[in-house]
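Chemist: return a 3D structure for these sequence lines:
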Amino acid sequence: MDWQPTASRLALKTRADVLATIRCFFAERDVMEVETPLICHSAVLDLHVEVFKTVYDSGGHQEEALYLQTSPEFAMKRLLAAGSGAIYQICHAFRNGGESGRNHNPEFTMLEWYRPGFDLEDLMDETDDLIRRILQCDKAHRQSYQEVFAQHFSLNPHTAAIVDLQNAGEKAGIHIEASMLDKDDWLNLLFSHCIEPTLGLESPSFIYDFPASQAALARIRLGEIPVAERFEVYMAGLELANGYYELTDAAIQLDRFKNEYQARVDRALDVSPIDMRLVEALQSGMPDCAGIALGIDRLILLKAKASHIDEILAFPIERA
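Modeler: Predicted coordinates for the structure are as follows:
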């Protein structure tokens, strides 16, 4: 019977309604829908994300490695640099390396949008509006990364030593060989195991001002304690979205790419070429903007009150 969809007709109708709501939401705000390639010459270099690699045969004797995208971010930023204005995209994205389970499927549906002229507060407001329209929930609660760590562990994540984080982890039942983990590893473990399950239990939860070491493609706001100008959105203990006040400095972005590339090499992980097209787009001048990636499947999971992502997918990886 595995030819049949795992989602009911009602779940498929819920998906269609959510997609229609998203498109209506952005049409009202004059944000243009775009499409970009899902097979590209380079891919994300994040240590914690693995990509699907394929080979392109152009019909000659030379084959070329190409990559299924984990996000349309790089290509959308090239559109922004070319003068597209506010844009959004609904597309499939792909993650390898065991990205399958109750809340994961290796192929998933992503919503990504970019707002020239917006700062992080503006984007949080708009994201809250969209989520509330779809889930019919209360207004989001907002806390800084530092506040939630103080609340759960009585420590400052920006200044705490690794031994302090290790002690907090041991008290929480996390027992791992300390020499295997750096500070960000410990922060991520404590956040994912102890904090995430408590977030968004009554209304969406926005966590902002992450450590500068976790900036990814976000700007760093300087101060007594520099922080990454990004936020994450949670509902019912589930991560829904990741938003940035976008980095537009090409030199800084290239340095980050090089550091990520070397970190993957050091850990004997596969690497793709650095995306120099994005670097060149930033050099040409990308407007100040804020952008966000939101997992539509997880949003539908909550909307449908489902307990497993297979319930809202027509054909998950096992039946694809």
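
Chemist: residue 294 and residue 235 touch, don't they?
Modeler: No. Applying Cβ atoms under 8 Å as the test, residue 294 and residue 235 come out as separate, 11.0 Å apart. For every residue, glycine as well, the C-beta is placed using N, CA and C.

Chemist: number of nearby residues for residue 225?
Modeler: 14 (other Cβ atoms under 10 Å).

Chemist: against residue 145, how distant is it?
Modeler: Distance of residue 225 to residue 145, computed by Cβ to Cβ, to the nearest Å: 11 Å.

Chemist: what's across from the most centrally placed residue in the chain in the sheet?
Modeler: When Cα atoms, centre = their mean is applied to the chain, the residue found nearest the centroid is residue 242 (4.5 Å). Beta-bridge partners for residue 242, by DSSP bridges, are residue 232, residue 293.

Chemist: could I get the full set of strands for the chain?
Modeler: Using DSSP state E, the strands of the chain run over 32-33, 39-40, 52-57, 63-68, 87-94, 107-116, 141-144, 205-211, 220-221, 227-235, 238-245, 289-295.

Chemist: of these, which is nearest residue 160?
Modeler: strand 205-211 (10.4 Å; Cβ to Cβ).

Chemist: excluding chain neighbours, what is closest to residue 264?
Modeler: Nearest non-adjacent residue to residue 264, counting by Cβ to Cβ, 6 or more residues apart in numbering: residue 271, 4.9 Å away.

Chemist: and if you look at residue 308?
Modeler: residue 102 (5.2 Å).

Chemist: show me what contacts the one you found?
Modeler: Counting by Cβ atoms under 8 Å, 6 or more residues apart in numbering, residue 102 touches 307, 308, 309.

Chemist: tell me how far it lies from residue 134.
Modeler: Counting by Cβ to Cβ, the gap from residue 102 to residue 134 is 21 Å.

Chemist: all helices for the stretch 1-150 of the chain, in order.
Modeler: Assigned by DSSP state H, counting those that start in this stretch, the stretch 1-150 of the chain shows helices spanning 9-28, 73-81, 120-135, 145-153.
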